[in-house]
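Novice: Starting from these lines, generate the structure:
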Amino acid sequence: MEKIYIETEFIKLDQLLKFANAVEGGGMAKNVILDGLVKVNGETVLQRGRKLREGDTVEFNHEKYIISKEEK
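Specialist: Next up is the predicted model:
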């Protein structure tokens with residue numbers, strides 16, 4: 001499981017996939033989300049603008065990511 005550190009209150013699902021280099025770009029992020037290939041906290045999510053906060057987990061392409069607040 002890879003930790004993704006954010007400094008803000010939340011990050012949108014499509015932005016997370018790009019930030020984690022799980023997809024090549026925004027268009028690909030949109031497609032994999034709308035195709036039902038991404039899970040958030042164990043549930044398939046079709047909203048690319050879904051807000052992810054600290055503690056949320058994302059599963060895509062046999063990888064898991066957990067959102068964590070930036071350590072200061």
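
Novice: Kindly list the longest helix within the protein.
Specialist: Ranked by residue count under DSSP state H, the longest helix found in the chain is helix 26-34.

Novice: So which bits of it are buried?
Specialist: A29, V32, I33 (16 or more other CB atoms under 10 Å). C-betas here are computed from N, CA, C, even on glycine.

Novice: who's in contact with that helix?
Specialist: Helix 26-34 has contacts (CB atoms under 8 Å, 6 or more residues apart in numbering) with 13-15, 17-18, 23, 38, 45-48, 60-61.

Novice: out of these, which are buried?
Specialist: Buried members of the contacts of helix 26-34, counted by 16+ other CB under 10 Å: L13, D14, Q15, L17, K18, V23, V38, R48, F60.

Novice: Just the local confidence number for the residue lying closest to the third one once chain neighbours are set aside, please.
Specialist: The reference is to Q15. Once flanking residues are discounted, Q15 sits nearest to A29: 7.9 Å by CB to CB, 6 or more residues apart in numbering. Reported pLDDT at A29 in the predicted model: 95.

Novice: For A29, give its distance to D35.
Specialist: Going from A29 to D35 by CB to CB, to the nearest Å gives 11 Å.

Novice: Could you look up the SS state of K18?
Specialist: The three-state label given to K18 by DSSP: H, G, I helix; E, B strand; the rest coil is helix.

Novice: distance of the residue nearest to it when sequence neighbours are not counted from G36?
Specialist: Once flanking residues are discounted, K18 sits nearest to A29: 5.7 Å by CB to CB, 6+ apart. Going from A29 to G36 by CB to CB gives 14 Å.

Novice: again with Q15
Specialist: 19 Å.

Novice: Over to D14?
Specialist: 14 Å.

Novice: likewise V23?
Specialist: Counting by CB to CB - V23 and G36 are separated by 15 Å.

Novice: Let me see the ranges of the helices in the chain.
Specialist: Going by DSSP H, the chain shows helices at 13-19, 26-34.

Novice: Tell me which residues are up against the shortest one.
Specialist: Among residues not part of helix 13-19, those counted as contacts by CB under 8 Å, 6+ apart are 4, 11, 22-23, 25-26, 29-30, 32-33, 38, 40, 45, 47-52, 58, 60, 65, 67.

Novice: I appreciate the help and will end here.
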